[in-house]
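Undergrad: fold the following.
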Amino acid sequence: GVSNKVRNLSVTEITTSSISLNWTEPLGNSSFYRVQWKNGSSTLNTSVFEKTTTISNLTAGVRYGINVTAVAADNQTEGEIPSIEYNGQMDHLL
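TA: Presented below is the predicted three-dimensional model:
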């Protein structure tokens, strides 16, 4: 199968309450991207059509796992999902 893994997931901006990400489209087909972020018990996600997004209302000092999945027209996802950790500190991402 063709991989729907987005490429070059990177952080473009970070504040104490938000993180901005961008990425490159996967090699396979994709019609939109699902961005998911979770801290412990709570998981939120949003669907975006651009290759960039900003997640707001984050709590500084809380560790979030963030991942971006490319979703093809048939709503199938496959391949590894790149992810980023956020806890309000830029140096923890490098």
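Undergrad: tell me what the helix or strand bottoming out on mean pLDDT in the chain is packed against?
TA: For the chain, scoring each helix and strand by mean pLDDT, DSSP states H and E identifies strand 83-86 as the least confident one, at a mean of 76. Packing contacts for strand 83-86, counted by 3 or more C-beta pairs under 8 Å, 6 or more residues apart in numbering; DSSP states H and E, involve strand 7-14, strand 19-24, strand 64-71. Any C-beta I mention is one placed from the backbone N, CA and C, and that applies to glycine too.
Undergrad: what lines up beside the second one in the sheet?
TA: This means strand 19-24. For strand 19-24, sheet partners with direction are given as strand 7-14 (antiparallel), strand 52-55 (antiparallel), following DSSP bridges.
Undergrad: can you list the buried residues in it?
TA: 19, 21-23 (16 or more other C-beta atoms under 10 Å).
Undergrad: run through the chain and note the low-pLDDT ranges.
TA: Within the chain, the stretches with pLDDT under 70 are 1-4, 75-82, 88-94.
Undergrad: one more time with 80
TA: Low-confidence regions of the chain, defined by pLDDT under 80, span residues 1-4, 28-29, 72-94.
Undergrad: which of the buried residues of strand 19-24 sits closest to Leu9?
TA: The shortest gap between Leu9 and any of the buried residues of strand 19-24 belongs to Trp23, at 4.5 Å (C-beta to C-beta).
Undergrad: quick check: the gap between Thr12 and Leu27.
TA: As for Thr12, its distance to Leu27 is 22 Å (criterion: C-beta to C-beta, to the nearest Å).
Undergrad: higher neighbour count, these two?
TA: Summary of the neighbour comparison: Thr12 and Leu27, criterion other C-beta atoms under 10 Å, with Leu27 having more neighbours (14 against 11).
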